[in-house]
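# I would like the atomic coordinates for the input below:
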Amino acid sequence: MMEQRTTTEEAVGEQRHVRAEQAPGPVGSVLFGALSSFKKDTLRLLTELQRQYGGVARMKMGPYLVHQVTDPEAVKQVLQDNARNYVRGRFYRGFNLFFGRGMLTTDGAEWRTRRAVSRPFFHRAGLRARSGTVTDTVEELLARWEPSARSGDPVDITDDMMWLAMGVLGRMLFGVDLRRYADRLLPAVRFSLKAMILTGEVKQMLPRWVPTAYQRRLKGHQQVLNDVMDEIIDLHRRGEGSPDSVVSALLKATHEVTGEPFSRRQIRAELKTLFLAGHETTGCALTWTLYAVAQHEDVRRRLDAELTEVLGGRVPTAEDLDDLPYLRAVVDESLRLYPPIWLFPRDAVADDRLGGYRIPAGSTVIVPVYAAHHNPAVWDNPEAFDPARFCPAHAARPADGGHGRSPDGGTSRQRDRYDYFPFGGGARKCIGMDLALLELRLAVAMVVQRYRLQLVAGRPVSPAALVSLRPQPGVLMHIRPAEPKDPAA
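Predicted coordinates:
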């Protein structure tokens, strides 16, 4: 009898030990866990999980075990220190529908080969030397707005920011102006943003061969993207594209392991990745930044004063950006409040421990940038747009970006690198970060100097957690000429 009691006590103790190793989290329904809440309001679920359960939270989503990670040390372990253990997994299967197997969706040697080909095109010094390409493209946007500025007709700036980002990306990387394909590409992009996020809807779960209307639309938009990328590849093969483009580099590249040239399918996948990830995220970031500036008159006035003092109405250069700290703060704060890349999902290859909790092999880890950037334990009044938190007077800036005011609003403290990480971290930090920041700062400076944007009344805007953090239903603005300025004043 004593032996049986001892065995029972050991079993109970083991169960308690297992429970103690599990991260806290919501129970949810038996079958679906937190899946219904995730589908209903993704951003609200993630921020509430962080605030209620802390830096590592556990939940069930349908048949999957998911851990949400926002604790800076745990984020660093996933994205940087133990990144080999965290690979693209089930959350990326939907991405394959439109990206294919490119730099975003692959791991290991396959990923390294693809990144090595594109990396030279994203060096900061080279991008700055070509900043005139960005400002020329922005000038075309400003001219495009002139009729609306005269007539007073509102403009959905979301579409225009995508048009701008597409123009910059095409000229800087593709060796062609992608805007010539915009009428075909933009509808495919709008469809893909929703189709790539797996929400558990029946139309997404049915096998691909089932001939539903959804599947026909899916295949049609996939074909549009493939056709446009094939046209760009063929254009370069005929010698009609830029020899200094990433397309030309991919056509010359060989695989690190096999030594074989890239196939058309592989080149196409890489171009789709650069196109979809490159223009969409920057376009969203531009939209959110201009939206935030338009909503805060004090921010607009202070930014306008800095631009007038430094630029005096002229077109900015890359060298001017170092003399525009408030412009930088405005962009940084926009990326905090509205991070275009709002989530980094991974699957654990082997068991690990994050924040003291066990992470089983095969489970999913999500790193929600949005929730980390809205954490009230880190950010004073996190829902407010306050560029001052990124100004030198309020915060010390580490080499790679963590910064802000102390939670009590008083003396600034050093922020952890992974309190603020709009472009991710580690070896897989967004390759386009320097291009995105260059484009954001130059474009915002030029728009604010030329026009004053005013949000159309009665048109509330909210963030939608698609592939990127998209403003919904759109950002409808009145475009007004900016007030004349006297630089001497």
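# pLDDT score for residue 135?
Residue 135 carries a pLDDT value of 98.
# Next, count neighbours for it.
For residue 135, the neighbour count with other C-beta atoms under 10 Å is 18. Backbone N, C-alpha and C define where each C-beta goes, glycine included.
# any idea how far it lies from residue 318?
9 Å (C-beta to C-beta, to the nearest Å).
# Overlap in contacts, the two.
Residues touching both residue 135 and residue 318 by C-beta atoms under 8 Å, 6 or more residues apart in numbering: residue 442.
# Can you list the buried residues in stretch 75-94?
75-80, 82-83, 85-86, 88-89, 91-92, 94 (16 or more other C-beta atoms under 10 Å).
# again but with stretch 48-65, I slipped
Neighbour-count burial for stretch 48-65 [16+ other C-beta under 10 Å]: 49-50, 53-61, 64-65.
# Just the endpoints, please. Distance across it?
Using C-alpha to C-alpha, to the nearest Å, one end of stretch 48-65 lies 18 Å from the other.
# Quick check: phi and psi on residue 357?
Main-chain dihedrals, residue 357, degrees, to the nearest 10: phi -110, psi 150.
# How about the one 10 residues further on?
Listed backbone geometry of residue 367 is phi -110, psi 100, with angles given as degrees, to the nearest 10.
# tell me the contacts of the spatially closest residue to residue 313 that is not a sequence neighbour?
Spatially, and ignoring its direct neighbours in sequence, residue 313 is nearest to residue 449 (6.2 Å; C-beta to C-beta, 6 or more residues apart in numbering). Going by C-beta under 8 Å, 6+ apart, residue 449 touches 304, 307, 308, 311, 313, 482.
# and which of those is nearest residue 351?
residue 307 (52.7 Å; C-beta to C-beta).
# ok, how many other residues are close to the closest one?
Residue 307, neighbours per other C-beta under 10 Å, totals 24.
# coming back round to it: now, which of the buried residues of stretch 48-65 lie within helices?
49, 50, 53 (DSSP state H).
# And those residues, which is closest to residue 142?
residue 50 (39.8 Å).
# from memory that closest one sits against residue 68, does it?
Yes. Shown here, residue 50 and residue 68 form a contact pair, counting by C-beta atoms under 8 Å, at 7.0 Å.
# Now the common contact residues for these two.
Contacts common to residue 50 and residue 68, judged by C-beta under 8 Å, 6+ apart, are 57, 368, 371.
# tally of neighbours for the last one?
What that stands for is residue 371. For residue 371, using other C-beta under 10 Å, the count is 25.
# Tell me how many other residues crowd residue 384.
Using other C-beta under 10 Å: residue 384 sits among 11 other residues.
# Only C-alpha atoms, please: export the strand or helix carrying the residue nearest to residue 313 in PDB.
Counting by DSSP states H and E, the element that carries residue 449 is helix 433-450. In PDB, the C-alpha atoms belonging to helix 433-450 read as follows (Å, rounded to 0.1, in the frame of the first residue of the first chain):
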ATOM      1  CA  MET A 433      15.200  47.800 -44.200                       C
ATOM      2  CA  ASP A 434      17.600  50.500 -45.500                       C
ATOM      3  CA  LEU A 435      15.700  51.000 -48.700                       C
ATOM      4  CA  ALA A 436      12.400  51.200 -46.800                       C
ATOM      5  CA  LEU A 437      13.800  53.800 -44.300                       C
ATOM      6  CA  LEU A 438      15.400  55.900 -47.100                       C
ATOM      7  CA  GLU A 439      12.200  55.900 -49.100                       C
ATOM      8  CA  LEU A 440      10.000  56.600 -46.100                       C
ATOM      9  CA  ARG A 441      12.000  59.600 -44.900                       C
ATOM     10  CA  LEU A 442      12.500  61.200 -48.300                       C
ATOM     11  CA  ALA A 443       8.900  60.700 -49.400                       C
ATOM     12  CA  VAL A 444       7.400  62.100 -46.100                       C
ATOM     13  CA  ALA A 445       9.700  65.100 -46.300                       C
ATOM     14  CA  MET A 446       8.600  65.900 -49.800                       C
ATOM     15  CA  VAL A 447       4.900  65.300 -49.300                       C
ATOM     16  CA  VAL A 448       4.800  67.500 -46.100                       C
ATOM     17  CA  GLN A 449       6.700  70.300 -47.900                       C
ATOM     18  CA  ARG A 450       4.300  70.400 -50.900                       C
END
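# And the next helix-or-strand element following that helix, what's buried?
Sequence order places strand 451-455 as the next helix or strand after helix 433-450, per DSSP H and E. If you call a residue buried by 16+ other C-beta under 10 Å, then strand 451-455 has these buried ones: 451, 452, 453, 455.
# who touches the closest residue to residue 173 other than its chain neighbours in this structure?
The shortest distance from residue 173 to any non-neighbouring residue, by C-beta to C-beta, 6+ apart, is to residue 246 (4.7 Å). Residue 246 makes contact with 117, 118, 121, 173, 174, 175, 270, 271, 274 under the criterion C-beta under 8 Å, 6+ apart.
# on that earlier part again, of all the buried residues of stretch 48-65, which comes closest to residue 254?
For those, the residue nearest residue 254 by C-beta to C-beta is residue 64; the value is 37.7 Å.
# Can you name the residues bridging to that closest one?
residue 61 (DSSP bridges).
# Wait, it touches residue 366, no?
No. Between residue 64 and residue 366 there is no contact under C-beta under 8 Å: 10.5 Å.
# tell me the secondary structure for residue 313?
When classified by DSSP: H, G, I helix; E, B strand; the rest coil, residue 313 comes out as coil.
# Against residue 154, how distant is it?
26 Å.
# and the two? which has more neighbours close in?
The neighbour comparison of residue 313 against residue 154 (other C-beta under 10 Å) goes to residue 154, with 16 against 12.
# Could you report the pLDDT at residue 473?
Looking at residue 473, its pLDDT is 89.
# Near it, how many other residues are there?
Neighbours of residue 473 (other C-beta under 10 Å): 13.
# do residue 373 as well
24.
# can you check residue 132 too?
12.
# distance between the helix or strand residue 271 falls within and the chain's centre?
Using DSSP H and E, residue 271 falls within helix 264-295. Chain-centre distance of helix 264-295: 8 Å, with C-alpha atoms, centre = their mean, to the nearest Å.
# Between strand 451-455 and it, find me the angle.
90 degrees (axes from the mean of the first three to the mean of the last three C-alpha atoms, to 10 degrees).
# Check which residues of helix 264-295 are buried.
In helix 264-295, counting by 16+ other C-beta under 10 Å, buried: 266-294.
# The nearest residue to residue 254 once chain neighbours are set aside and residue 247: what is the separation?
In space, not counting the residues next to it along the chain, residue 254 is nearest to residue 261; the distance is 5.5 Å by C-beta to C-beta, 6+ apart. Distance of residue 261 to residue 247, given as C-beta to C-beta: 14 Å.
# With neighbour numbers in mind, choose between those two.
When neighbours are counted by other C-beta under 10 Å, residue 261 and residue 247 differ, and residue 247 comes out ahead with 24 against 13.
# Find the helix or strand that that one is a member of.
helix 246-252.
# What residues sit buried inside that helix?
Buried, per 16+ other C-beta under 10 Å, within helix 246-252: 246, 247, 248, 249, 250, 251.
# Pull the contacting residues for the last one.
For residue 251, the contact set (C-beta under 8 Å, 6+ apart) comprises 233, 236, 237, 261, 262, 267.
# Touching, residue 352 and residue 346? I think so.
No. With contacts counted by C-beta under 8 Å, residue 352 stays clear of residue 346, the gap being 10.7 Å.
# neighbour count winner among these two?
residue 346 (23 against 20).
# Return the distance of the closest residue to the more buried one other than its chain neighbours relative to residue 326.
Counting by C-beta to C-beta, 6+ apart, residue 346 lies nearest to residue 86, which is 3.7 Å off, once chain neighbours are set aside. Distance, residue 86 to residue 326, by C-beta to C-beta: 37 Å.
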